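Got a predicted structure plus its sequence, pasted below:
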Amino acid sequence: MPELPEVETVRRGLKKYILNKKIIRIVVFEDKSFKDALPDDSRHASSRPSSRGSSLTRSQPVAKCLESSDKAPRLGAKYLKLPDETSQSGAKYLELPDKTIQGLKRFGKALVIDLDDGCSLMIHLRMTGQLIWRGETGEFAAGHPSENFVAELPNKQTRVVFEFEDGKLFFNDQRKFGFVKLMPTTEVEKDAFIKKLGPEPWEMSENELYERCQRHGKALIKAVLLNQEVIAGLGNIYADEALFAAGVHPERRAGSLTKTEVTKILAGAKKVMKSAIEAGGSTMATYVKADGTRGNYLDEFAQVFGKQGQECPKCGAEIVKIRVAGRGTHICPHCQQKGKKND
DNA sequence: CTAGGATCCTGTCAGC
DNA sequence: TGCTGACAGGATCCTA
């Protein structure tokens, strides 16, 4: 689920708990979920200023480091096995001395946590990622909604844990599509995903989106809206909601859209995403109530997504679910007509 | 270059 | 029940 509004909700929520706090260590339960892209000598720049000339190994994936940990831990980073009593299927430590959270940023659906010492953690939740804070001063959970929000942690789906002095931040991810990437801050904006990212809806003019639709003229508009290089932040939910708001059928070819239709789509995207961000905090928070009740927050928010079989809020026709660009897609067949012109 | 399909992975649900 | 196949809110890689 995590699309731009959910990631922004995560960013705002986490900020309250971890800004200016120090990470004591990172526990990696699933190597695949933790990408170590830090050069060896940037881990602990202050302690070994002359390390550049020595024969350091190249940056290597964390899994390899972990395997060779007992022989030669790298500078400033210690890879250790968990003590048996707390061991969970061979999780490993990553110790990062003196790394303090300096800021939380967002690029499209990617969350970037800046640490001091020139390091950053880039986190992408993809389909099923979630970030759950359990601390002395409070709890916070957002991302893909599931039982994990209220479950005992860590559990089977816990991939990475960030340990602070006053709490723990759990990165859970059922399908392992998401990841945490430790990298130099200077590399963040050079990252392939972030570099290619298109503008967010509110950073973009109608003309710009229209031109981009022309450039991808033969693709279906739904696919174009999901393309993060064209416009950043929309996922399957908000693409459907934006198209419904604009009254445009998702199978229209992007090149066939009029300027007016593109304008409506952009306005729709801004509207649904802004209101989702505004509602995000409270809906996410109320998702897990004290009494344990749970609700699908989408039910209250969405007009068409997941509403197949129900009445269209505009005209009362039955909302149907179809398949477009390989994705489940929800439309009102009355409000969103395909037309005959160019598809 | 673009467009479309397969793919990474685990879990759930419908149908037999 | 148990099994099987389809599908799940993302992005990338491969092919034509």
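Happy to help now that I have it. What you see is a predicted model, and the numbers here were worked out from it, not measured in a lab. Numbering: from 1, shown residues only, chains lettered A, B, ... in the order given.

Show the subsequent helix or strand relative to the longest helix that chain A contains.
When secondary structure is assigned using DSSP state H, the longest helix within chain A turns out to be helix A:259-287. Next along the chain after helix A:259-287, taking DSSP states H and E as the criterion, comes helix A:297-301.

How far away from the center of its chain is that following helix?
Relative to the chain's own centre, helix A:297-301 is displaced by 19 Å; criterion: CA atoms, centre = their mean, to the nearest Å.

Could I get the buried residue list for the following helix or strand past that helix?
Past helix A:297-301, heading to the C-terminal end, the next element that is a helix or strand (DSSP H and E) is strand A:320-324. Buried positions in strand A:320-324, judged by neighbour count with 16 or more other CB atoms under 10 Å: A:Val324. Any C-beta I mention is one placed from the backbone N, CA and C, and that applies to glycine too.

which strands and helices sit next to strand A:320-324?
Helices and strands in packing contact with strand A:320-324 are listed as strand A:327-331; criterion 3 or more CB pairs under 8 Å, 6 or more residues apart in numbering; DSSP states H and E.

Who is A:Gly129 paired with across the strands?
Taking DSSP bridges, one obtains A:Asp173 as the residues bridged to A:Gly129.

Which pLDDT does the model give it?
Turning to A:Gly129, the model gives it a pLDDT of 95.

and it, what is it in contact with?
A:2, A:123, A:143-144, A:171-173, A:177-178 (CB atoms under 8 Å, 6 or more residues apart in numbering).

Need the pLDDT of A:Arg25.
Per-residue pLDDT puts A:Arg25 at 89.

Quick check: beta-bridge partners of it?
A:Glu95, A:Glu163.

you'd agree it is up against A:Glu163?
Yes: assessed by CB atoms under 8 Å, A:Arg25 is found in contact with A:Glu163 at 5.2 Å.

In terms of neighbours, single out the busier of the two.
For A:Arg25 against A:Glu163, the residue with the higher neighbour count under other CB atoms under 10 Å is A:Arg25, and the figures read 18 against 15.

List the residues that contact the more buried one.
Counting by CB under 8 Å, 6+ apart, A:Arg25 touches A:93-96, A:163.

For DNA strand C, see how far away A:Asp166 is.
Separation of A:Asp166 from DNA strand C (CB to the nearest atom of the strand, to the nearest Å) stands at 29 Å.

Which residue is the nearest non-sequential neighbour of that residue?
In space, A:Asp166 comes closest to A:Glu136 once its chain neighbours are excluded; the distance is 4.6 Å by CB to CB, 6 or more residues apart in numbering.

Which residues belonging to stretch A:103-120 are considered buried?
By neighbour count on 16+ other CB under 10 Å, the buried set for stretch A:103-120 is A:104, A:106-115, A:117, A:119-120.

Sort the residues you listed by pLDDT and name the bottom one.
When these are compared by pLDDT, A:Asp117 scores lowest at 84.

DNA strand C contacts on chain A?
Applying CB under 7 Å from any atom of the strand, we find that chain A lies next to DNA strand C at A:1-3, A:6, A:108-109, A:124, A:126-127, A:144-145, A:175, A:177, A:192-193, A:196, A:226, A:228, A:235-237, A:296, A:298, A:321, A:323, A:326-328.

List only those of these flagged as buried.
Buried residues within the residues of chain A next to DNA strand C, counting neighbours by 16+ other CB under 10 Å: A:1-3, A:6, A:108-109, A:124, A:126, A:144-145, A:226, A:228, A:235-237, A:298.

is it true that A:His249 lies in a strand?
No: secondary structure assignment places A:His249 outside any strand; it is coil (DSSP: H, G, I helix; E, B strand; the rest coil).
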